[in-house]
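Colleague: would you be able to build a 3D model of this:
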Amino acid sequence: MTLTEVVDRNNNLVRLFGVLKTLADLGPAATAERDFSETAADVLAKTLHALDSVQGALFVFEPNSCRLDCLASHGFDSICSASSIAMSRGQAQAWFQLVQATNLRPEVRKILFAQETTSSFADIKCAQPLRVASGFVGALCLGRRQDDAEYGDVEREALNLLAGHLALLVQNHSLTESLRVQVADNLRLLSSLNHSYEDALEAFATTIDAKDLHMRGHSMRVGRYAAGMASSLGMSDADIAGIRAAGQLHDIGKVTVDKAVSNKPSTLRPEEFRQIADHTVVGHQIVSSVRFPWPQIPEVVRSHHERADGSGYPDNLHFDEVSLPTRIIAVADTFDAMTSDRPYRKGLPVVKAADELVRLSPEKFDSNVIQSLLVQLRSNFLGNGSDRTNPGMPGLNIPAVELDRLSMSLVGKLTGNRVYSA
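Modeller: Sure, this is the predicted structure:
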């Protein structure tokens, strides 16, 4: 083997290890909690680094309008995240038939970019189609490399290795955006109505939970429990209505969670837990685009999994950083989750769930909110309160002696079990 062959072989091995490291880095980069434009830019930067490229752009295919929209760009003077390629039927067919990374000869470039060849996209040297099982989802377009080197067999093979991961990133973004737009459009329509808000929100809550069998009725129950607790805390009728609405919509981000993940009966892998946890961020993005009569809804949707000691998600907020409506929904959501069956466990008896919430107060939950839950359970036991303002908790009965024990335990925790006498 000649010295040149040895050098080439070593260079190829270095390139392969660089690509493998990039593959390992793409997962954390793609799942980081941030705006997708930042994720796309980070993933593109790592891909360009692996290929010694100084110019590149990542595109997503929009089938409805038959165009390629730029998600991220680096190094090009005239291609940015607002750039797009409107394609004719012939161009689209050419992209669909492209199966692997291809160096763009002038005639190929003319077919793929048509009239754009002599303008914005003339600097593109290599194109990698992005495909999943459902078909063409986007493209990675590369320009100049360091030292003006060409994209050889090693680089094109590396591109083919990276393409599957980039395609999944692009497809997941497209699916999430599509769902988000559809849900936001429905909510905007809902918010434009001047009547029947409550009936419409109940229908929407039912739709949110319909995806998973074990979640049926969850959003409705959380809204009902939260409204009752807000009533016990002396909140106004308007605030109670807003808290009920927030409870009904708190899990709206779960419409984007894979059903196989949410119904998994075994322990979730870290990336699966992250997908579920991200429903708070996705839900916040959805409801933030809608003007509700109740301004607390976006915060509740984002922060209902925060805990008083900062151990919650997505922002690790503490007790004094979240509003009272959010703390109420957090307790209502947890209480219903504890008492409901899940794929991986049976629901707890009501008294055990209440006992656990008292134990977790005030480290995890607002003690005053827990007390309002106990008040509602007592009211339910006595058969009081079942109107729209204070709807009660049908089917959740705890004997008075148990409620007294739980209340005394809660008071004892708050006072350090001190005894006062006259």
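Colleague: going forward, measure contacts and count neighbours with C-alpha atoms only.
Modeller: Noted.
Colleague: in the stretch 201-350 of the chain, what residue spans correspond to helices?
Modeller: Assigned by DSSP state H, counting those that start in this stretch, the stretch 201-350 of the chain shows helices spanning 218-232, 237-249, 259-262, 270-277, 279-287, 297-303, 324-339, 350-359.
Colleague: just name the most buried of the ones you listed.
Modeller: Neighbour counts (mean count of other CA atoms under 10 Å) averaged over each of the helices of the stretch 201-350 of the chain peak at helix 218-232, with a mean of 27.
Colleague: who are the packing partners of that helix?
Modeller: Counting contacts by 3 or more CA pairs under 8 Å, 6 or more residues apart in numbering; DSSP states H and E, helix 218-232 is packed against helix 197-209, helix 237-249, helix 324-339, helix 367-382.
Colleague: gap between Ser289 and Val375?
Modeller: 36 Å (CA to CA, to the nearest Å).
Colleague: then Arg342?
Modeller: 27 Å.
Colleague: swap in Asp336?
Modeller: 16 Å.
Colleague: swap in Pro293?
Modeller: Pro293 is 28 Å from Val375, by CA to CA.
Colleague: and the contacts of stretch 331-339?
Modeller: Residues from elsewhere that reach stretch 331-339 (CA atoms under 8 Å, 6 or more residues apart in numbering): 218, 221-223, 225-226, 247, 304, 347-350, 353-354, 357, 365, 369-370.
Colleague: alpha carbons of that stretch, as CSV, please.
Modeller: Presented in CSV, the C-alpha positions along stretch 331-339 are these (Å, rounded to 0.1, in the frame of the first residue of the first chain):
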residue,chain,number,x,y,z
VAL,A,331,-53.2,19.5,42.4
ALA,A,332,-56.3,18.7,40.5
ASP,A,333,-54.3,17.0,37.7
THR,A,334,-52.2,15.0,40.1
PHE,A,335,-55.2,13.9,42.2
ASP,A,336,-57.0,12.7,39.1
ALA,A,337,-53.9,10.9,37.8
MET,A,338,-53.4,9.2,41.1
THR,A,339,-57.0,7.9,41.3
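Colleague: give me the pLDDT value at Leu201.
Modeller: Per-residue pLDDT puts Leu201 at 75.
Colleague: number of residues surrounding it?
Modeller: 20 (other CA atoms under 10 Å).
Colleague: that one reaches Gly247, doesn't it?
Modeller: No - counting by CA atoms under 8 Å, Leu201 does not reach Gly247; the two are 10.1 Å apart.
Colleague: ok, now how distant is the residue nearest the centre of the chain from Ala167?
Modeller: In the chain, the C-alpha nearest the mean C-alpha coordinate belongs to Asp278, at 3.4 Å (CA atoms, centre = their mean). Counting by CA to CA, the gap from Asp278 to Ala167 is 21 Å.
Colleague: in which helix or strand would I find Ala127?
Modeller: For Ala127, the host element (DSSP states H and E) is strand 126-132.
Colleague: and that strand, which strands flank it?
Modeller: Paired neighbours of strand 126-132 in the sheet (DSSP bridges): strand 102-103 (antiparallel), strand 135-142 (antiparallel).
Colleague: CA atoms only: put the longest one into CSV for me.
Modeller: What follows is the C-alpha trace of strand 135-142 in CSV, where atoms were taken according to Å, rounded to 0.1, in the frame of the first residue of the first chain:
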residue,chain,number,x,y,z
GLY,A,135,-41.8,9.7,0.9
PHE,A,136,-39.9,12.9,0.2
VAL,A,137,-40.0,15.3,3.2
GLY,A,138,-37.2,17.8,2.5
ALA,A,139,-33.7,18.4,1.3
LEU,A,140,-30.2,19.3,2.5
CYS,A,141,-28.4,21.5,0.0
LEU,A,142,-24.6,22.1,0.3
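Colleague: 7 is where my numbering starts, stick with that
Modeller: Noted, 7 is the first residue going forward, which turns the last one into strand 141-148.
Colleague: could you report the neighbour count for the closest residue to Glu161 other than its chain neighbours?
Modeller: Distances taken as CA to CA, 6 or more residues apart in numbering place Leu57 nearest to Glu161, at 6.4 Å, with adjacent residues excluded. Look at Leu57: counted by other CA under 10 Å, it has 21 neighbours.
Colleague: also Ala92?
Modeller: With other CA under 10 Å as criterion, Ala92 counts 16.
Colleague: hang on, isn't it packed against Pro69?
Modeller: No - the criterion here is CA under 8 Å, and Ala92 misses it with Pro69 at 10.8 Å.
Colleague: give me the low-pLDDT residue ranges for this structure?
Modeller: 7-40, 121-126, 140, 193-206, 217-220, 264, 266-269, 271-272, 386-403, 422-428 (pLDDT under 70).
Colleague: and the helices in the stretch 7-156 of the chain?
Modeller: 9-37, 42-56, 95-103, 112-119.
Colleague: mind listing what's buried along the second one?
Modeller: In this case it means helix 42-56. 44-54, 56 (16 or more other CA atoms under 10 Å).
Colleague: so what secondary structure elements neighbour it?
Modeller: For helix 42-56, the packing partners by 3+ CA pairs under 8 Å, 6+ apart come out as helix 9-37, strand 62-68, strand 73-80.
Colleague: next one: the last one
Modeller: The contact analysis (3+ CA pairs under 8 Å, 6+ apart) places helix 112-119 against helix 95-103.
Colleague: returning to that earlier point: Ser295 and Val381: who's more crowded?
Modeller: Val381 (18 against 14).
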